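[1] Next come a sequence and a model predicted from it.
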Amino acid sequence: MSRYPKIDLGGALVAITGAARGIGLATAKEFVAAGARVALGDLDDALAKEAAAGLGAQASGHRLDVTDKESYAAFLAAAEEHHGRPIDVLVNNAGVMPNGPFLDQADRIDRLTMDVNVYGVIHGMRLALPAMIERGQGHVVNVASLAGKFPIKGLAVYNASKYAVVGLTAATRLELEGTGVSITAVLPSAVMTELSSGIDYGVLPAVEPDDIAAAVVKSVRSRRAEVAVPSYVGLAANGAPLVPEGVMRRFRHLVHDDAAITRVDDSVRKAYLNRIENQ
């Protein structure tokens, strides 16, 4: 028997960040299909509203800057006011992934990465969790990455941000023991979205946004601590620290683990990098 009260998705309210495109939008569609009401938050207000309109009356679109705690609070309040009920599930999905050699990356990009990927998650949890704890029921999903357990050349600060999310999720899950509120970290491999556009990961496994969306929705039922997508890559990432460094170095060379530096279509990648810098 689960130690967490069941959340019936029929009529439940789910708030999703970074929901106007990619994993966030796919997740919103999956929750709507399960009968939930969904609030889509995104820095691109117009796109969030357009995406919500395409999902029907169960969805609403709102402007959200996850780096600004007041903006996040306003998003959650607007979601509850629009749908007339408290938030049952929060999905911290918003994220950015700049790439390039660590020593070449600008300080402003480092700050952007940490502000969105780490503080965005912290803000959401600190704002949503108290009410969930008071009700004795709720679920938070933090979309991290397998990069939060397995370092990749060319993604050093992104790696750091996702390691932080994995640790944050694990520690707060322990603190919330007995409250009826659960927290899950979803760890995708490379996802075929704009986030990874222009990077050729070669033989490294890639997944679709729908795969991540299905895992997020499933976590509301399973309430597992971590969910890797695909699952076998999660097992490999957990086992990697046990492999001798020399052996792992040879393996990394064979699979071209420097793809985020050496296998990049700059003309394609530039469009994404410009967007995240100039929103």
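    Okay, I see it.

[2] Next, work out how far apart the most far-flung residue of the chain relative to its centre and His253 are.
    The C-alpha centroid of the chain is most remote from Gly246, which lies 32.1 Å away (Cα atoms, centre = their mean). Plainly put, Gly246 is 11 Å away from His253 if you go by Cβ to Cβ, to the nearest Å. For glycine as for every other residue, the C-beta is placed from the backbone atoms N, C-alpha and C.

[3] Next: Lys153.
    Taking Cβ to Cβ, one finds Lys153 at 11 Å from His253.

[4] Which neighbours in the sheet does the longest strand along the chain have, and how are they oriented?
    Determined from DSSP state E, the single longest strand within the chain is strand 181-188. Strand 181-188 sits in its sheet next to strand 138-143 (parallel), strand 226-229 (parallel), going by DSSP bridges.

[5] Please identify the most buried of those.
    strand 138-143 (a mean of 26; mean count of other Cβ atoms under 10 Å).

[6] buried stuff in the lowest-mean-pLDDT helix or strand in the chain?
    Ranked by mean pLDDT, DSSP states H and E, the weakest helix or strand in the chain is helix 231-239, scoring a mean of 76. Buried residues in helix 231-239, counted by 16 or more other Cβ atoms under 10 Å: 233-234, 236-237.

[7] now the lengthiest helix in the chain: how far from the chain's centre is it?
    Across the chain, the helix with the greatest residue count (assigned by DSSP state H) is helix 156-175. How far helix 156-175 lies from its chain's middle: 12 Å, per Cα atoms, centre = their mean, to the nearest Å.

[8] now do stretch 132-140
    Counting by Cα atoms, centre = their mean, stretch 132-140 comes out at 20 Å from the chain centroid.

[9] number of nearby residues for Arg249?
    Around Arg249 there are 12 other residues, counting by other Cβ atoms under 10 Å.

[10] Check Pro205 too.
    14.

[11] pretty sure Gly198 contacts Arg263?
    No. Counting by Cβ atoms under 8 Å, Gly198 stays clear of Arg263, with 9.2 Å between them.

[12] Spit out the contact partners of Leu43.
    63-66, 94, 279 (Cβ atoms under 8 Å, 6 or more residues apart in numbering).

[13] With distance to Leu40 and secondary structure added, can I get these in a markdown table?
    Below are these laid out as a markdown table (distance: Cβ to Cβ, whole Å; DSSP: H, G, I helix; E, B strand; the rest coil):
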| residue | distance to Leu40 | secondary structure |
| --- | --- | --- |
| Arg63 | 10 | strand |
| Leu64 | 9 | coil |
| Asp65 | 14 | coil |
| Val66 | 13 | coil |
| Ala94 | 11 | coil |
| Gln279 | 16 | coil |
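
[14] Please check those residues and keep the buried ones.
    The neighbour count (16+ other Cβ under 10 Å) marks 63-66, 94 as buried among the contacts of Leu43.

[15] From what I see, Val32 and Gly56 are in contact.
    Yes. Counting by Cβ under 8 Å, Gly56 is a contact partner of Val32 at 7.0 Å.

[16] Looking at those two, which is more packed in?
    Val32 (19 against 9).

[17] List the beta-bridge partners for His62.
    Bridge pairing for His62 - DSSP bridges - gives Gly41.

[18] That one and Asn117, how far apart?
    If you measure His62 against Asn117 using Cβ to Cβ, the figure is 20 Å.

[19] Check Gly198 too.
    19 Å.

[20] in the stretch 1-150 of the chain, which spans are strands?
    In the stretch 1-150 of the chain, the segments counted as strands under DSSP state E, counting those that start in this stretch are 13-17, 37-42, 59-63, 89-92, 138-143.
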